[in-house]
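Q: the following block contains a protein sequence and its predicted model.
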Amino acid sequence: MSVSREGGCSCGSVRYGLASEPLFVHCCHCLNCQRQTGSAFVINLLIEADRVELLAGEPQAVDVPRDDGSTQRIYRCPTCQVAVFSEYGRPEVRFVRGGTLDRPAEITPDVHIFTKSKLPWITLPESTPAFEVYYDSKTLWPAGSLERLRAVMR
Ligand SMILES: [Zn+2]
Ligand SMILES: [Zn+2]
């Protein structure tokens, strides 16, 4: 597996590499993401779980309650507790946290979601699709990404 992009936690115990480009990149402005990150939004790279290659360490799964009553499994470095990726229900797809990449500037969101709770001082670029809540991946994702998703959800 050739690794094109790498990232990790703050203490260096957990290092990961991404074996390909992500399926799609979310910038989520929901209140759960704001609380989890202590910030204005989260940047999530959606990618097949088997394309996240662990280079060092073993992230620890922590189930975190969400406002809708469900839980979200967040994987954290066991030492410094920085969250490197998470899952939303389906373990086949990981949501890699963009801020943990070595070069986060290389990633640009493909979509902004939950803009209904976006902090008012953030101005979104006109060129990127934005949705009050969620969107239909079938209409927005590139055909290649939909095909990759179908392959792992089978
Ligand atoms: Zn760490
Ligand atoms: Zn969110």
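A: Everything's here; your move. Ligands and ions are numbered 1, 2, ... in the order given.
Q: residue 129: neighbour count?
A: Neighbours of residue 129 under the rule other CB atoms under 10 Å: 13. Just so you know, the C-beta spots here come from the backbone N, C-alpha and C atoms, and that holds for glycine as well.
Q: what's the answer for the one 10 residues further on, then?
A: Residue 139: 7 surrounding residues under other CB under 10 Å.
Q: what's the host helix or strand of it packed up against?
A: Using DSSP states H and E, residue 139 maps to helix 137-140. For helix 137-140, the packing partners by 3 or more CB pairs under 8 Å, 6 or more residues apart in numbering; DSSP states H and E come out as helix 143-153.
Q: gap between the helix it packs on and the chain center?
A: 17 Å (CA atoms, centre = their mean, to the nearest Å).
Q: what residues sit buried inside it?
A: Burial within helix 143-153, assessed by neighbour count using 16 or more other CB atoms under 10 Å, is assigned to 145, 148, 149, 152.
Q: same check on stretch 115-125?
A: Across stretch 115-125, burial judged by 16+ other CB under 10 Å covers 115, 118.
Q: any regions of this structure where pLDDT drops low?
A: Applying pLDDT under 70 to the chain flags residues 1-3.
Q: how about the residues of it near ligand 2?
A: Within the chain, the positions near ligand 2 by CB under 5 Å from the ion are 28, 30, 33.
Q: find the centremost residue of the protein, please.
A: Note on the chain: the residue nearest the mean C-alpha position is residue 44, at 2.2 Å, using CA atoms, centre = their mean.
Q: gap between that one and residue 83?
A: With the distance defined as CB to CB, to the nearest Å, residue 44 ends up 11 Å from residue 83.
Q: now the common contact residues for these two.
A: Residues touching both residue 44 and residue 83 by CB atoms under 8 Å, 6 or more residues apart in numbering: residue 97.
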